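Chemist: sequence first, predicted coordinates after that:
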Amino acid sequence: MTKSELKDFLDEKVIQYNTLDFIESDPVQIPHLFTQKEDIEIAGFLSATIAWGNRTMIIKNSHRMMELMGNTPYDFIMSHTDTDLERLESFVHRTFNSLDFTFFIQSLQNIYKNHNGLEAVFAQNQEPHSMQKSISKFKKTFFEIPHLPRTQKHISDPLNNSAAKRINMYLRWMCRQDNKGVDLGIWKSISPAALSCPLDVHSGNVARKLGLLTRKQNDGKALSELDLKLRELDPIDPSKYDFALFGLGVFEGF
């Protein structure tokens with residue numbers, strides 16, 4: 001395919017998969033349960049954090065997280081008691097357990113009390129065409145309070161060559177101005193032009209087959225390579241191609 005043909009093909013796939021039908025099989029449905037900004041961004045952050053493995057189990061356990069917080073995540077984070085935290089002891093999703101969940105609650109409280117919330121932290125260090133420095137700085141802020149070393153693995157650092165798939169997906173949910181109603185676009189201080197396509201096994205394999213990616217590993221260097229190609233196709237909204245690459249991989253076995 002020529003570059004023009006590739007763009008037309010991928011744009012058609014974005015239209016095909018960037019629809020409300022996408023929500024019912026994707027963890028993006030979790031933040032859609034809420035209307036208050038803080039509830040939306042916290043629900044999105046927590047469900048994105050556990051978004052690896054079986055998608056049905058991701059969605060089930062994300063709903064469970066919300067239930068354990070009384071389906072009022074912001075209020076729970078800001079006003080929970082030690083007794084409230086004891087309710088979390090039964091939670092586990094793969095290697096993310098109740099100890100990790102408890103720390104996430106405590107760290108989010110610190111972010112809202114002392115750093116003006118999640119959007120403000122992510123917006124601080126953004127660059128015109130990259131959120132990778134911002135993600136790395138966010139991780140430092142997130143773990144500035146006492147924590148177990150084991151919990152650090154649940155937030156990736158792109159400056160350590162991670163593709164940071166889950167946080168890039170979360171930023172797509174929060175920042176992308178989506179006229180189809182899938183991505184929520186509630187954060188206005190971060191430009192969609194700075195977003196990266198979440199890179200995982202599905203989007204990576206499809207990108208290689210289409211000639212968008214040559215690097216074999218799905219790491220930070222691969223993400224940089226994919227970013228450059230996707231920004232050539234659409235410099236204003238490059239992360240929209242996640243719908244095309246993911247859809248082709250998961251739903252069409254491309």
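Modeler: Received, thanks. As the structure is a computational prediction, the values presented were derived from the model and not from experiment.

Chemist: which helix in this structure has the most residues?
Modeler: Longest helix in the chain, counting residues (DSSP state H): helix 98-114.

Chemist: show residues contacting it.
Modeler: The contact list for helix 98-114 (Cβ atoms under 8 Å, 6 or more residues apart in numbering) reads 38, 42, 45-46, 49, 65, 68-69, 74, 76-78, 80, 85, 88-92, 117-118, 121, 141-145, 147-148, 150-151, 154. For glycine as for every other residue, the C-beta is placed from the backbone atoms N, C-alpha and C.

Chemist: among these, which ones are in strands?
Modeler: Applying DSSP state E to those, the entries found in strands are residue 92.

Chemist: list buried residues within the contacts of helix 98-114.
Modeler: Buried members of those, scored by 16 or more other Cβ atoms under 10 Å, are 38, 42, 45-46, 49, 65, 68-69, 74, 76-77, 80, 85, 88, 91, 117-118, 121, 141-142, 147, 151, 154.

Chemist: helices of the stretch 1-150 of the chain, residue ranges please.
Modeler: In the stretch 1-150 of the chain, the helices defined using DSSP state H, counting those that start in this stretch lie at 3-17, 37-49, 55-68, 73-79, 82-86, 98-114, 118-124, 132-142.

Chemist: deepest-packed of those, please.
Modeler: helix 37-49 (a mean of 24; mean count of other Cβ atoms under 10 Å).

Chemist: so which elements touch that one?
Modeler: helix 55-68, helix 73-79, helix 98-114, helix 118-124, helix 165-175 (3 or more Cβ pairs under 8 Å, 6 or more residues apart in numbering; DSSP states H and E).

Chemist: CA atoms only for that helix, dumped as CSV, please.
Modeler: Output in CSV follows, covering the C-alpha atoms of helix 37-49 (Å, rounded to 0.1, in the frame of the first residue of the first chain):
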residue,chain,number,x,y,z
LYS,A,37,-15.0,14.7,36.7
GLU,A,38,-13.1,13.2,39.6
ASP,A,39,-15.1,10.0,39.7
ILE,A,40,-14.5,9.6,35.9
GLU,A,41,-10.8,10.1,36.0
ILE,A,42,-10.2,7.9,39.1
ALA,A,43,-12.4,5.1,37.8
GLY,A,44,-10.5,5.3,34.5
PHE,A,45,-7.1,5.3,36.2
LEU,A,46,-7.9,2.3,38.4
SER,A,47,-9.4,0.2,35.6
ALA,A,48,-6.6,1.1,33.2
THR,A,49,-4.1,0.1,35.9
